[in-house]
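Student: Everything below, folded, please.
(one chain, ligands or ions: 2)
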Amino acid sequence: MDPAMPKWFQNAVIYEIYPQSFKDSNGDGIGDLPGIIEKLDYIASLGVNAIWINPCFDSPFFDAGYDVRDYYKVAERYGTNDDLKRLIAEAKKRGIRILLDLVAGHTSIEHPWFKASASGEKTIYDDYFCWTQGMRANQGSYKFVSGMAPRNGFFMINFFFAQPALNYGFSDPDPACPWQQSMDQPGPRLVREELRNIMKFYLDMGCAGFRVDMAASLVKGPTKESRQRGLCDLWGDYKAWMRKNYPEAVLVAEWSDPASSIPAGFDADFFLDWGYCEPGYRELFRFPKYEEDEEHKSVHSGNCFFCKHSSGNSRDFVDSFQKHYDAVKDMGYISVVTGNHDKFRIRRGKSLDELRLAYFAIFTLPGVPVLYMGDEIGMRYVDGLGNVEGAYHRSGSRTPMQWAAGPKAGFSTAAPEKFYLPLDPFRDRPTVAQQEPDDGSLLNLTRRLIALRRKHPALSGNGAYRVVESEYKDAPWIFTRSADGETFLIALNPGPKACRRKLALPETFEVAEQEGQVAFSTKSGYSEMEIAAHSGVILRYAE
Ligand code: GLC
Ligand code: CA
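Tutor: Ligands and ions are numbered 1, 2, ... in the order given. This next block holds a predicted model:
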């Protein structure tokens, strides 16, 4: 690993908090920063060493805060900048660092820079955004909004209409489109400095770095290669500056293409299907008996690998993961997530039990795993909630954290109708309080897996990863992790058929964690392992 990689990140496990829904401290039905502070002991008890909080800055909330109106101010609903400082300090006491969500690619239409640039008056913000000149512009595949502002042009957006794209420039501007500016023109240079100032503000406050929203969207350009050049220039520059001035801080990309994002300057990137990663995540952890979403309806129809009726395969994931792993293993980390605020929850279409072997994998793969709040107790995806603050189908993964039994689930003192989103309506909704005392609960399994990972260098970010076996449409998936003469062998057979495998195991080994039934026998020099259906094991041995 790069010797400049911060030590703490090398065995990091991140807990993602959607702040609206974690813990409400003042009874308005919306989670807030003092609420997170209240729950820090709980978060520490999970064994994680970092928290990533979705954007908590001033915003009109057209996209749940991913439309920032003031980068320097905590949104009123979440508290004050002083609360954020307190959170950073209190987390630090417990060995936990705070990563903020940097919405780098776009602002809100209510941001003063945008308002000035849209006014039609000449201001220094004219080139902070990508404006065409007049009505007839060659727009290519970019998304524009027109007819909204006095300025004589259309503005480019990154996501919703209310998220105008900041102008970091084009890697190869098209001469036929004079509105495309190169990255070294004054507008893009100013924007680049603005982002650095924002980062500086929070790094000086003590935050440990950023999860960067839509990190690949900042530089526009005609081809992936061309954009990559520009993105390497931009992120490489920020990275060098951060390493020099804040050597403990890290950059985590929302890019979903580690082989591109890590060389560009990021320390970690998520492995998710919907970026540029090949399919794989979904085959492993999602689409059981239902379609993931409209877009992918026709693509997959089977059950995912980690379902009891698994007809999925581990192969697509394993192959794609290997490719990215080989490309980045000396430079940075792949983050495999249990879920996030955008994806259907991992619990969807699965029983609590079916999550257990999936977590064996997530918390033993190399890199930096991310646990999405509530996944440690197996919270459900809640259907039919409609579009709250631009969430659309994502609302179902953003419902309030279930701390305890009762109509308010310990989330808030407000009446449940006032909650940011309704609670999981099922009577048997899982809660922290119910799982806490039960050694066999998903919560306590998650804790054990995280503790095991963080205790053993072989299982942490850097430990070598080697696939022993992975088959198409047939379990098991077996891989090893090793470092400093210690090896872990992870064998996963989530499907309905028992299997037997010959393995080169040493004479003595220890079962670190097991689900279901696994039996070992030694015959003339080799070991045989029999893994029953729905079973798996994590073995530990010295080399
Ligand atoms: C990222 C965020 C998502 C948001 C979008 C636009 O994908 O995770 O929640 O809507 O960017 O900022
Ligand atoms: Ca509140």
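
Student: Output the longest helix belonging to the protein.
Tutor: Residue-count comparison of every helix in the chain, with assignments taken from DSSP state H, identifies helix 224-245 as the longest.

Student: by contact count, what packs against that one?
Tutor: helix 186-205, strand 250-253, helix 258-264 (3 or more Cβ pairs under 8 Å, 6 or more residues apart in numbering; DSSP states H and E). (C-beta placed from N, C-alpha, C; glycine too.)

Student: Residue 109: neighbour count?
Tutor: As a burial measure, residue 109 scores 23 neighbours (other Cβ atoms under 10 Å).

Student: and what of the one 4 residues further on?
Tutor: Counted with other Cβ under 10 Å, the neighbours of residue 113 add up to 20.

Student: so who does it touch?
Tutor: Residues near residue 113 by Cβ atoms under 8 Å, 6 or more residues apart in numbering: 107, 125, 128, 129, 194.

Student: Following the chain onward from the helix or strand hosting it, which element is next?
Tutor: Secondary structure here is read from DSSP states H and E; on that basis residue 113 sits in helix 112-118. Scanning forward in sequence from helix 112-118, with DSSP H and E defining helices and strands, the next element found is strand 143-145.

Student: quick one: average pLDDT of that next one?
Tutor: Model confidence over strand 143-145, given as mean pLDDT, is 94.

Student: buried stuff in the helix holding residue 113?
Tutor: Under the neighbour-count criterion of 16 or more other Cβ atoms under 10 Å, helix 112-118 has 113, 114, 115, 116, 117, 118 buried.

Student: Using JSON lines, please lay out these together with pLDDT and distance to residue 172.
Tutor: Output for those, formatted as JSON lines (pLDDT from 0 to 100; distance: Cβ to Cβ, whole Å):
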{"residue": "113", "pLDDT": "98", "distance to residue 172": "25"}
{"residue": "114", "pLDDT": "98", "distance to residue 172": "26"}
{"residue": "115", "pLDDT": "98", "distance to residue 172": "30"}
{"residue": "116", "pLDDT": "98", "distance to residue 172": "28"}
{"residue": "117", "pLDDT": "98", "distance to residue 172": "24"}
{"residue": "118", "pLDDT": "98", "distance to residue 172": "27"}
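
Student: any idea what residue 156 is structurally, helix, strand or coil?
Tutor: Here residue 156 is strand, with the state taken from DSSP: H, G, I helix; E, B strand; the rest coil.

Student: Next one, pLDDT for the nearest residue to it once chain neighbours are set aside please.
Tutor: Distances taken as Cβ to Cβ, 6 or more residues apart in numbering place residue 130 nearest to residue 156, at 3.9 Å, with adjacent residues excluded. Here, the pLDDT recorded for residue 130 equals 97.

Student: Tell me which residues touch residue 130, please.
Tutor: Going by Cβ under 8 Å, 6+ apart, residue 130 touches 142, 155, 156, 164, 165, 167, 179, 180, 181, 220.

Student: The stretch 251-400 of the chain: strands as residue ranges?
Tutor: Assignment of strands within the stretch 251-400 of the chain using DSSP state E, counting those that start in this stretch yields the ranges 268-270, 333-335, 370-372.

Student: next one: the first one to chain centre, how far?
Tutor: Meaning strand 268-270. The chain centre lies 8 Å from the centre of strand 268-270; the measure is Cα atoms, centre = their mean, to the nearest Å.

Student: same question, the last one
Tutor: Its chain's C-alpha centre and that of strand 370-372 lie 7 Å apart, by Cα atoms, centre = their mean.

Student: ok, now the second one?
Tutor: Average the C-alpha atoms of strand 333-335, do the same for its chain, and the two points are 10 Å apart (Cα atoms, centre = their mean).

Student: neighbouring strands for that strand, and are they parallel or not?
Tutor: In the sheet, strand 333-335 lines up against strand 268-270 (parallel) (DSSP bridges).

Student: before we move on, the earlier item: tell me the buried residues in the longest helix of the chain?
Tutor: In terms of neighbour count (16+ other Cβ under 10 Å), helix 224-245 has its buried residues at 227-235, 238-239, 242-243.

Student: And for stretch 453-472?
Tutor: With burial defined by 16+ other Cβ under 10 Å, the residues of stretch 453-472 counted as buried are 453-454, 456-463, 465, 467, 470.

Student: For ligand 1, what's its nearest residue on the stretch 151-300 of the chain.
Tutor: With Cβ to the nearest ligand atom, the shortest gap between the stretch 151-300 of the chain and ligand 1 falls at residue 159, namely 3.9 Å.

Student: from memory that residue sits against residue 165, does it?
Tutor: No: using Cβ atoms under 8 Å, residue 159 is not in contact with residue 165; the gap is 9.1 Å.

Student: list the residues that contact both of those two?
Tutor: Taking Cβ under 8 Å, 6+ apart as the contact rule, the neighbours common to residue 159 and residue 165 are residue 106.

Student: I'd like to know how far the closest residue in space to residue 1 that isn't next to it in sequence sits from residue 484.
Tutor: In space, and not counting its chain neighbours, residue 1 is closest to residue 462: 5.1 Å by Cβ to Cβ, 6+ apart. When Cβ to Cβ, to the nearest Å is the yardstick, residue 462 and residue 484 sit 10 Å from each other.

Student: cool, residue 46 as well?
Tutor: 26 Å.

Student: Those two - which one has more neighbours?
Tutor: Between residue 46 and residue 484, residue 46 has the larger neighbour count (other Cβ under 10 Å), namely 18 against 11.

Student: Check that one and give its pLDDT.
Tutor: As summarised for this prediction, residue 46 has a pLDDT of 99.

Student: do you know how far it is from residue 136?
Tutor: 56 Å.

Student: same check, this time on residue 381
Tutor: Between residue 381 and residue 136 the computed distance is 45 Å (Cβ to Cβ).

Student: how about the helices in this protein?
Tutor: For the chain, applying DSSP H gives helices covering 7-10, 33-38, 40-46, 81-93, 112-118, 186-205, 224-245, 258-264, 281-285, 315-328, 354-362, 432-435, 442-455.

Student: Next, the buried residues of stretch 321-335.
Tutor: Buried residues in stretch 321-335, defined by neighbour count with 16+ other Cβ under 10 Å: 321, 324, 325, 327, 328, 329, 332, 333, 334, 335.

Student: Name the residues of this protein found near ligand 1, please.
Tutor: 63, 66, 103, 159, 213, 214, 254, 341, 342 (Cβ under 6 Å from any ligand atom).

Student: Among those, which one sits closest to residue 513?
Tutor: Looking at these and their distance to residue 513, the nearest is residue 341, at 28.3 Å (Cβ to Cβ).
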